[in-house]
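Participant: Sequence and predicted structure, then a few things I'm wondering about:
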Amino acid sequence: MSEAIAAIDTRRPVGRINDDVYGHFLESAFFGNIEGGVFDEGSPLSIDEPGLLRGVRADVLELVRELAPGPIRWPGGNFTSPYHWQDGIGPRDERPTRLELAWGELETNRFGTDEFLAWCEAVGAEAYLAHSARNVDDAVRWVEYTNSARNTALTARRAANGRAEPWKVRYWGIGNEVYGPWQMGHRTADEYAAAAREHALFMRHVDPDIKTIGVGIPWNQEEWTRPVLQRAGKLLDYLSLHLYGAATHLWTGDDYDAIVAQSLFFEQEMNTYSRIVTALSAEAGLDRPPALALDEWNIRHLEPREWAAPLPGDDGGIAPRETGPVNEPGKTRVNRWSPRSVADTLFYAGVFHAIFRTAGLPAPVSMANPVNLVNANGVIVARPGGALRSAIYHIWHLYRHHTGRTVLPCEVTGPARTTSVRLGDNRGPDGDLLTAPMTVPFLDVSATRAEDGSVRVAVVNRHREEAARLRIVLDGSGANTPATARVRSLGGDAPALDAVNTLAAPDTIGVRDLGDVKSSDGTWTIAPHSVTVLSL
């Protein structure tokens, strides 16, 4: 059995983790996020009492509340760019049904601003409202409707709609991916910079306490980011960054090693953009760079386009269908109903470690919102017969509740392999996924201090079949390391690397509390394909 050494310095903290990195994301008209997920009128599992929460799935609400989530971004995503918020307020039966232009669905508007904000309040989360940034007055009036305490026509409408006092929404997105031609309101960097400045300026006139998230970009970063920071940087608290991984196991059968290694690509991209934002902020004369909001991220389960379209299965996965041979492997789509597996849990934990390691940077990742919270490859899976914690739900719960907030320096010496790492869902001209050579440690270790003074050591063992010994050295000496740790772990006891949770077997993957575990000659054994948190 191989051994790794984690040298942790408790005396020189790197920085603080913001609880907002445990945020989430919901998109309207998107594969069961809202209707059929958070909101399901007529379901026996939904709240039936009058009020803003009528029609909300009670089981989903309880599972979200248990997470103690950070800010939840809504209404999208791509849905944001054509959305008119005033369609979603007032009596539900009087709201218009619109042809939704991002995903081609019908938007009933029965779950709108007040319902979303009441739901966030019920689950204990802050709301993050994303505006299209296509109309300054529309954005300003949305802030007025939600946040103003003054007596205006819009605040009177809010009161009539069931909320007399302000909602006090703190986080506001100014546009979504407006650099892309797939967005209604697509603009050049200069055009967006001017629009972002005007939106942020007048939205702050209504409520000076709001925090604004401007649109960052995962490519052509200097070309886009320089004018945005020069024109609007003083009014922006965050810049967004959207990153997606890619998995091919739905047709290749085994993609475990490629999945678990992609957190290295995410870490590379976060650090690169942080450096660029820091340098360009200084060039623009800003007092401080905006923080980064990783407000869209996930790993996409790809499949051949030639297969029959996937549909949701009653047990929480994909409904049975014909798949057949693969004749054009370069032509793929995202399977939005593919359940999350053991491999995915290790990828997500690795991304959290990467986020933690940005804590000492001038432009850290201070908010993160995975796509999605409910259904559509989400943290929670909802079907007509019930809701369940997907495999990755337990990563959010474990890290939110059992890691600390003060990041400690942690140097790891241990076995690794050099291999081609997939660069997320980035493609070459032929449609093939791009890769680059990287050294992938088998053990990825992150150390934090909790409020009670304990040291929390989070460990990802990427090796598919071999356990490893971890020796923890505190402040230069193994003598400083307690002999006993409280250990919580998940994944190592899974029956297969592609195992998932279902309504019939909802606890196949979950956190196992192993209690107090004594070290063996100063080491703890970390199971293969597992995520473990040791509390010292």
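Facilitator: Perfect, thanks for sending it. Bear in mind the structure is a predicted one, so any value in this text is a computation, not a measurement. Numbers count the residues shown, from 1 in each chain.

Participant: What are the contacting residues of the lowest-mean-pLDDT helix or strand in the chain?
Facilitator: Ranked by mean pLDDT, DSSP states H and E, the weakest helix or strand in the chain is strand 106-107, scoring a mean of 92. Residues from elsewhere that reach strand 106-107 (Cβ atoms under 8 Å, 6 or more residues apart in numbering): 28-29, 79, 83, 87, 97-100. All C-beta atoms are positioned from the backbone trio N, CA, C, and that covers glycine.

Participant: nearest to L398, of these?
Facilitator: Nearest to L398 among the contacts of strand 106-107: S28, at 29.3 Å, using Cβ to Cβ.

Participant: Low-confidence bits of the chain, can you list those?
Facilitator: By pLDDT under 70, the chain has no low-scoring segment.

Participant: circling back: which one of the contacts of strand 106-107 sits in the busiest neighbourhood?
Facilitator: Counting neighbours by other Cβ atoms under 10 Å, Y83 leads those with 29 neighbours.

Participant: In terms of helices and strands, where is A6?
Facilitator: In this structure, A6 is located in strand 2-8 according to DSSP states H and E.

Participant: who's in contact with the helix or strand that comes right after the least confident helix or strand of the chain?
Facilitator: Note on strand 106-107: by DSSP H and E, the next helix or strand toward the C-terminus is helix 113-123. Here helix 113-123 makes contact (Cβ under 8 Å, 6+ apart) with 26, 38-39, 51-53, 55-56, 61, 64-65, 69, 72, 74-75, 85, 88-89, 126-127, 129, 142, 145-146, 158, 161-163, 167, 169.

Participant: Now list the buried members of those residues.
Facilitator: 26, 38-39, 52-53, 55-56, 61, 64, 69, 72, 74-75, 85, 88-89, 126-127, 129, 142, 145-146, 158, 161, 163, 167, 169 (16 or more other Cβ atoms under 10 Å).

Participant: Among these, which ones are in helices?
Facilitator: Within the buried ones among the contacts of helix 113-123, residues falling in helices by DSSP state H are 61, 64, 142, 145-146, 158.

Participant: What is the nearest of those to N271?
Facilitator: V64 (30.8 Å).

Participant: need the contact list for the closest one.
Facilitator: Counting by Cβ under 8 Å, 6+ apart, V64 has contacts 24, 123, 125, 373-374, 380.

Participant: re earlier: the next helix or strand after the strand holding A6: partners in the sheet, and parallel or antiparallel?
Facilitator: Downstream of strand 2-8, the first helix or strand assigned by DSSP H and E is strand 15-16. Its sheet considered, strand 15-16 pairs with strand 406-408 (antiparallel) by DSSP bridges.

Participant: for the very next helix or strand once past the strand it pairs with, packing partners?
Facilitator: Note on strand 406-408: by DSSP H and E, the next helix or strand toward the C-terminus is strand 410-413. Identification of packing neighbours for strand 410-413 by 3 or more Cβ pairs under 8 Å, 6 or more residues apart in numbering; DSSP states H and E yields strand 2-8, strand 443-449.

Participant: For E177, find the nearest of those.
Facilitator: strand 443-449 (29.5 Å).

Participant: Strands along the stretch 301-450 of the chain, start to end?
Facilitator: Along the stretch 301-450 of the chain, counting by DSSP state E, counting those that start in this stretch, strands occupy 332-334, 365-370, 380-383, 386-389, 406-408, 410-413, 416-427, 433-441, 443-449.

Participant: Make CSV out of those strands and add mean neighbour count and distance to A467.
Facilitator: Output for those, formatted as CSV (neighbours: other Cβ atoms under 10 Å; distance: least, Cβ to Cβ, whole Å):
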stretch, mean neighbour count, distance to A467
strand 332-334, 19, 34
strand 365-370, 26, 29
strand 380-383, 26, 30
strand 386-389, 21, 26
strand 406-408, 22, 25
strand 410-413, 16, 16
strand 416-427, 16, 16
strand 433-441, 15, 15
strand 443-449, 25, 11
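
Participant: Tell me the one among the ones in helices among the buried ones among the contacts of helix 113-123 nearest to A494.
Facilitator: When these are compared against A494 (criterion: Cβ to Cβ), the nearest one is V64, at 24.3 Å.

Participant: right, and A483 touches K518 too?
Facilitator: Yes: counting by Cβ atoms under 8 Å, K518 is a contact partner of A483 at 5.8 Å.

Participant: thinking again about what came up before, ok, and what's touching the strand holding A6?
Facilitator: In contact with strand 2-8 (Cβ under 8 Å, 6+ apart) are residues 408-415, 441-443, 445, 447, 455, 457, 459, 466, 468-476, 523.

Participant: and P339, what does it touch?
Facilitator: Contacts of P339 (Cβ under 8 Å, 6+ apart): 316-318, 381, 390-391, 500-502.

Participant: can you do 7 Å?
Facilitator: 316-317, 381, 390, 500 (Cβ atoms under 7 Å, 6 or more residues apart in numbering).

Participant: top of the residues you listed by neighbour count?
Facilitator: Most neighbours among the contacts of P339, by other Cβ under 10 Å: V381, with 33 neighbours.

Participant: pretty sure that one contacts A391?
Facilitator: No: using Cβ atoms under 7 Å, V381 is not in contact with A391, being 10.0 Å away.

Participant: So the residue positioned nearest the centre of the chain versus P362, what's the distance?
Facilitator: Centroid-nearest residue in the chain, with Cα atoms, centre = their mean: P370, separated by 1.9 Å. For P370, the distance to P362 equals 25 Å [Cβ to Cβ, to the nearest Å].

Participant: Tell me what angle the longest helix along the chain forms with strand 443-449.
Facilitator: Once the chain is assigned using DSSP H, the helix that runs over the most residues is helix 263-283. Here helix 263-283 runs at an angle of 50 degrees relative to strand 443-449 (axes from the mean of the first three to the mean of the last three Cα atoms, to 10 degrees).

Participant: Could you list every helix and strand in contact with helix 263-283?
Facilitator: The contact analysis (3 or more Cβ pairs under 7 Å, 6 or more residues apart in numbering; DSSP states H and E) places helix 263-283 against helix 221-232, strand 238-247, strand 291-304, helix 342-356, strand 416-427.

Participant: Please identify the deepest-packed of these.
Facilitator: With neighbours defined by mean count of other Cβ atoms under 10 Å, none of the helices and strands packed on helix 263-283 is more surrounded on average than helix 342-356, at a mean of 26.

Participant: So which residues make contact with that one?
Facilitator: Counting by Cβ under 7 Å, 6+ apart, 17, 21, 245, 256, 259-260, 262-263, 266-267, 270, 297, 299, 365, 368, 391-392, 395, 399, 407, 444, 446, 448, 458, 460, 462, 490-491, 494, 497-499, 509, 529, 531 sit against helix 342-356.

Participant: Distance from it to the middle of the chain?
Facilitator: 11 Å (Cα atoms, centre = their mean, to the nearest Å).

Participant: for stretch 57-69, same thing?
Facilitator: For stretch 57-69, the distance to the chain centre is 16 Å (Cα atoms, centre = their mean).

Participant: try stretch 62-80
Facilitator: Counting by Cα atoms, centre = their mean, stretch 62-80 comes out at 9 Å from the chain centroid.

Participant: pull the CA atoms of it into CSV?
Facilitator: Provided in CSV are the C-alpha atoms of stretch 62-80 (Å, rounded to 0.1, in the frame of the first residue of the first chain):
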residue,chain,number,x,y,z
GLU,A,62,-36.7,19.6,3.2
LEU,A,63,-33.8,18.1,1.3
VAL,A,64,-32.6,21.5,0.2
ARG,A,65,-33.0,22.9,3.7
GLU,A,66,-30.9,20.1,5.1
LEU,A,67,-28.0,21.2,2.9
ALA,A,68,-27.9,24.7,4.5
PRO,A,69,-27.3,26.1,1.0
GLY,A,70,-25.5,29.2,-0.1
PRO,A,71,-27.0,31.6,-2.6
ILE,A,72,-29.3,30.1,-5.2
ARG,A,73,-29.2,31.5,-8.7
TRP,A,74,-32.4,31.9,-10.7
PRO,A,75,-34.1,32.1,-13.2
GLY,A,76,-31.0,30.9,-15.2
GLY,A,77,-28.8,30.4,-17.2
ASN,A,78,-29.7,30.9,-20.8
PHE,A,79,-33.3,31.3,-19.7
THR,A,80,-32.3,34.7,-18.2
